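**Q** give me coordinates for this.
(one chain, ligands or ions: 2)
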Amino acid sequence: MGVPALIVAAGSGQRLGAGGPKALVDLAGRPMYAWSVDAFREATHVNRIFVAVPPGKGDLFDEPGIVKVEGGETRSHSVANGLAAITAAGEPEMVVVHDAARPLISPALIDAAIIGLDQDPELHALIAAAPMTDTVKRLGSDGVVVETLDRSELVSVQTPQVFRASTLKQAIASGDLAAATDDASLIEAAGGAVGVIESPSGNIKVTVPADLDLAALLLERSR
Ligand code: CTP
Ligand code: MG
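**A** Numbers count the residues shown, from 1 in each chain. Ligands and ions are numbered 1, 2, ... in the order given. Predicted coordinates for the structure are as follows:
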C-alpha cells in the first residue's frame, strides 16, 4: 500500500507562547515537526509526505523529501488545503492526517491504523485514541455538575487519523470547517463510520510549555 500523509503544522502555537510557529520550536535538537516527518518516512505503508505550513513561513521548513502546502485559518482549513494538493494529481484510496504537535508518533501506529482501515470495509475512518484516565463530568449552565459520564464509553482522540480519501473530501466540502476540531468529526456529522485504534500512552500532544519538557524527556529516553 502507498498512502499519502499530511502533517498539519500551520498553527501559530498561541498556548505554547514561544513567539513563533509551534512546529518549528526546538525539541531535543530539532524542529518539532521533524520528529513526525521521521516517523512517516519510516512507516512501511506511507509513500508521500505533505506538510501544511504557516503562510509565509514555508522557507523555514527544510526537511528533505516533503511537499509543502500553505496552511489555512483553522486546522480544518489546513487539512482542506493539504487534501487538495494530495488529490491534485489523482485521488488515492486513503490519506493519513497527523498533527505536528504530536512528535512522539510511532511508525508502528501509523502502519497499524492504515492496515486497520484497509481491512475494515465498513469504516470510513480509523483514528488513534487513548482510554480516558480522568473522570469526566458534565456541567449545567450554572456551572454545577449534572452528571458523571461513564468513562468506559469515552476515549480521548488523537492523531494519526486515516480516512478514505473520497469520504474526507466530501465531508470537508459539506462540513462546518470553522467549528471542527478534528476531521473525523466532519465524517461523523456526514453520517460516516469512524473506528478507533488504541494509541500508546506516549503519543502526547504539545500544547503548553510543560508538554514540551515532557516530550523532550520521552524522546531522549526512546533514543
Ligand atoms: N494547525 C494547522 N493550521 C491551523 C491551526 C492548527 O495546521 N490553522 C495544526 C497545528 O500546527 C498543530 C495541529 O493543527 O500541529 C493541532 O493544533 P494545535 O495544537 O491547536 O496547534 P496551534 O493551533 O499551533 O496551537 P494554539 O491553538 O495554542 O495556537
Ligand atoms: Mg490551535
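
**Q** how far away is the closest residue in space to residue 13 that isn't next to it in sequence from residue 183?
**A** In space, residue 13 comes closest to residue 22 once its chain neighbours are excluded; the distance is 3.0 Å by C-beta to C-beta, 6 or more residues apart in numbering. Glycine gets a C-beta too; all of them are placed from N, C-alpha and C. According to C-beta to C-beta, to the nearest Å, residue 22 and residue 183 sit 19 Å apart.

**Q** repeat that for residue 102.
**A** In terms of C-beta to C-beta, residue 102 sits 15 Å off from residue 183.

**Q** equivalent analysis for residue 212, please.
**A** According to C-beta to C-beta, residue 212 stands 25 Å off from residue 183.

**Q** so for those two, which sits in the more crowded spot?
**A** residue 183 (28 against 20; other C-beta atoms under 10 Å).

**Q** could I get the contacting residues of that one?
**A** By C-beta atoms under 8 Å, 6 or more residues apart in numbering, residue 183 lies in contact with 76, 79, 97, 125, 161, 163, 168, 171-172.

**Q** recalculate using a threshold of 10 Å.
**A** Counting by C-beta atoms under 10 Å, 6 or more residues apart in numbering, residue 183 makes contact with 6, 8, 75-76, 79-80, 83, 95, 97, 125, 127, 159, 161, 163, 168, 171-172, 175, 177, 194.

**Q** now the closest residue to ligand 1 within the chain: closest residue in space, sequence neighbours ignored.
**A** Residue of the chain nearest ligand 1, by C-beta to the nearest ligand atom: residue 11 (2.0 Å). Spatial nearest neighbour of residue 11, chain neighbours left out: residue 22 (5.8 Å); criterion: C-beta to C-beta, 6+ apart.

**Q** neighbours around the one you found, how many?
**A** Neighbours of residue 22 (other C-beta under 10 Å): 26.

**Q** same thing with residue 86?
**A** Residue 86 has 22 nearby residues by other C-beta under 10 Å.

**Q** hmm, it is touching residue 93, no?
**A** No - at 11.8 Å, residue 86 and residue 93 do not qualify as touching, with contact defined as C-beta atoms under 10 Å.

**Q** name the residues contacting each of these two.
**A** Shared contacts of residue 86 and residue 93 (C-beta under 10 Å, 6+ apart): residue 165.

**Q** quick one, strands of the chain?
**A** Secondary structure of the chain by DSSP state E: the strands cover 3-8, 26-27, 30-31, 46-53, 67-70, 94-99, 125-131, 137-139, 145-148, 155-164, 194-198.

**Q** separation between the most centrally placed residue in the chain and residue 124?
**A** By C-alpha atoms, centre = their mean, the chain has its centre lying nearest to residue 98, at 2.8 Å. According to C-beta to C-beta, residue 98 and residue 124 sit 18 Å apart.

**Q** let me know whether residue 11 touches residue 76 as I believe.
**A** No - contact criterion C-beta under 10 Å: residue 11 and residue 76 do not qualify, at 11.8 Å.
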